[in-house]
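Colleague: here is a sequence together with a model predicted from it:
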Amino acid sequence: MSSFLYLILPALGGYTLTSLYLLKNPLLLHKRKRMAFHSEHISHRGGCGERIESTMEAFTHAVEHGTQMLELDCHLTHDGHVVVSHDENLLRQTGHDVAMSSLNLQDLPLYKERLEVLFYAGRYSTGADRKFALLEDLFKKFPAMPVSVEIKENNRELIEKISDMVTRYKREEITVWASASSAIMENCQKTNGSMPYMFTMKRGLLLLLLFYTGLLPFVPLGESLLQFYLPRIINRTYIPEKRILRNKLVIHLLEKVTMRKSLFRHLTARGIQVQLFVCNQEEDIRYALEVGATGVMTDYPSLLTSYFSRNPIQD
C-alpha cells in the first residue's frame with residue numbers, strides 16, 4: 001500500500017500543478033478564438049423591460065441606447081415566415097391560446113398592451129409597437145449588429161430558413177446559434193457550421209465537470225460563447241416555475257458551483273465570451289462583472305448603458 005501511495009501521490013501532485021498552470025495559461029495548448037465581435041452590452045429579447053419584447057420598436061430602442069448585441073428567439077408561422085417570438089404558444093404574449101405554427105403571418109394577433117417582464121416580477125413593459133417582427137426585417141435594419149438566435153424547437157425547416165437568411169445577408173460571423181438543447185444545436189451546426197455557437201445545457205454541465213476534475217485545460221472547445229443565468233436573481237427578480245429552484249439553499253449552492261472567476265478567466269483567455277443574464281438591477285450588473293463576465297444581458301438597455309458610462313469596463 002505504501003509503495004502504491006509513493007507512486008500515485010507524486011503523479012496526482014504533478015497533474016494538479018500542471019492543470020492549475022495551464023488553467024491560467026491556456027494558450028500554451030490552445031489557439032485563441034478570434035471572433036468578429038465582442039459584446040459587453042446585450043439586450044435580452046430586445047430589451048423587453050423598456051419596450052414590448054421582441055418588437056422592432058424594442059430592438060430599435062436597444063440599439064439607440066448602446067446595445068452591442070440583440071438576443072432573441074424564433075418560430076415559424078404556418079405559411080413559413082421566420083418570426084421573432086420567445087413563445088410558440090401565444091397565450092402569455094397576446095392572450096390568445098393559439099400556436100404560432102397554426103397561423104399565417106397576416107393572422108398573428110398583437111402583443112398585449114402591457115406585458116410582464118419575466119425576469120423582473122411585478123414589472124411591466126409597454127410600447128407603441130405591438131406587432132410580431134420578422135427576423136429578415138431585423139437583419140435588413142441592423143446589418144452589422146450581432147444577434148444571438150435561440151432555437152427552442154427541433155424544426156429543420158426553421159433552422160434551414162434561418163441559416164439561408166444568415167448566408168444571404170452575409171451575417172455568418174455575427175449571428176450566433178443558441179439553444180439549451182444539444183440535439184437542436186447539433187442540427188444547427190450541421191446546417192451552418194460557419195456560425196459561432198454557444199454552450200448547450202449538457203455541454204455546460206460537461207464544462208463544469210472538466211473544470212472541477214482539472215481536465216478543462218487539456219480539452220478543445222468548439223463553442224464561442226457561454227450564456228448563463230446569474231443565480232442570485234432567482235427568487236428575487238425572477239420566480240422560476242420549478243419547485244426545486246425556489247429553495248434558497250439550492251440557489252446558494254448553484255451560485256457557488258457555477259460563478260467561478262477562475263473558470264471565466266480561463267474561457268476569456270481562450271477567446272470565449274461569457275455573458276451572464278438577466279441583470280436588471282445595478283447590483284446584479286456589478287456582481288456579474290466582478291465574477292468575470294465579459295458581457296451582461298439585460299431587459300433594460302438604458303440602465304446598462306448608464307451603468308457602463310459611470311463604471312467603464314477596464315481592459
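Modeller: Yes, it's here.
Colleague: which SSE is Glu283 in?
Modeller: helix 282-290 (DSSP states H and E).
Colleague: list the buried residues of that helix.
Modeller: Asp284, Ile285, Tyr287, Ala288, Leu289 (16 or more other Cβ atoms under 10 Å). (Glycine included, C-beta is placed from N, CA and C.)
Colleague: just the pLDDT for the second one.
Modeller: It stands for Ile285. At Ile285, the model reports a pLDDT of 98.
Colleague: now Phe211. Nearest residue, chain neighbours left out?
Modeller: Leu263 (5.1 Å; Cβ to Cβ, 6 or more residues apart in numbering).
Colleague: can you pull the contacts of the one you found?
Modeller: Shown in contact with Leu263 (Cβ atoms under 8 Å, 6 or more residues apart in numbering): Leu207, Leu208, Phe211, Leu216, Gly292.
Colleague: can you check Leu254 too?
Modeller: Pro231.
Colleague: go again using 10 Å as the cut-off
Modeller: With contact taken as Cβ atoms under 10 Å, 6 or more residues apart in numbering, Leu254 is in contact with Tyr229, Pro231, Arg232, Ile234, Leu245, Asn247.
Colleague: thinking again about what came up before, in what helix or strand does the residue nearest to Phe211 lie?
Modeller: Short version, using DSSP H and E: Leu263 is in helix 261-269.
Colleague: and that helix, what's buried?
Modeller: Leu263, Phe264, Arg265, His266, Leu267, Thr268.
Colleague: the strands in the stretch 101-250 of the chain, which residues?
Modeller: 115-116, 124-125, 133-134, 147-150, 175-178, 225-229 (DSSP state E, counting those that start in this stretch).
Colleague: any idea which of these gets closest to Glu186?
Modeller: strand 175-178 (10.3 Å; Cβ to Cβ).
Colleague: how many neighbours does Ser19 have?
Modeller: Counted by other Cβ atoms under 10 Å, the residues lying close to Ser19 total 16.
Colleague: low-confidence regions, the stretch 151-300 of the chain specifically.
Modeller: Within the stretch 151-300 of the chain, not a single segment meets pLDDT under 70.
Colleague: which residues are in contact with the closest residue to Ala36 other than its chain neighbours?
Modeller: Distance criterion Cβ to Cβ, 6+ apart; nearest residue to Ala36, sequence neighbours excluded, is Glu173 at 3.8 Å. Glu173 makes contact with Met35, Ala36, Phe37, Pro146, Val166, Ser194, Met195, Pro196 under the criterion Cβ under 10 Å, 6+ apart.
Colleague: same deal with Asp79?
Modeller: Leu103, Asn104, Leu105, Gln106, Asp107.
Colleague: which pLDDT does the model give it?
Modeller: At Asp79, pLDDT is 98.
Colleague: hmm, Ile233 is touching Phe277, no?
Modeller: Yes: between Ile233 and Phe277 there is a contact under Cβ atoms under 10 Å: 8.5 Å.
Colleague: can you list residues touching both of those two?
Modeller: By Cβ under 10 Å, 6+ apart, the residues touching both Ile233 and Phe277 are Phe119, Asp284, Ala288.
Colleague: any idea how far Leu205 is from the first one?
Modeller: Looking back up the chat, that one is Phe119. As judged by Cβ to Cβ, to the nearest Å, Phe119 and Leu205 stand 22 Å apart.
Colleague: check the second one too.
Modeller: According to Cβ to Cβ, Asp284 and Leu205 sit 23 Å apart.
Colleague: go on, the last one?
Modeller: Separation of Ala288 from Leu205 (Cβ to Cβ) stands at 21 Å.
Colleague: likewise Glu157?
Modeller: Taking Cβ to Cβ, one finds Glu157 at 29 Å from Leu205.
Colleague: give me the buried entries from the contacts of Leu254.
Modeller: The buried subset of the contacts of Leu254 (16+ other Cβ under 10 Å) comprises Tyr229, Pro231, Arg232, Ile234, Leu245.
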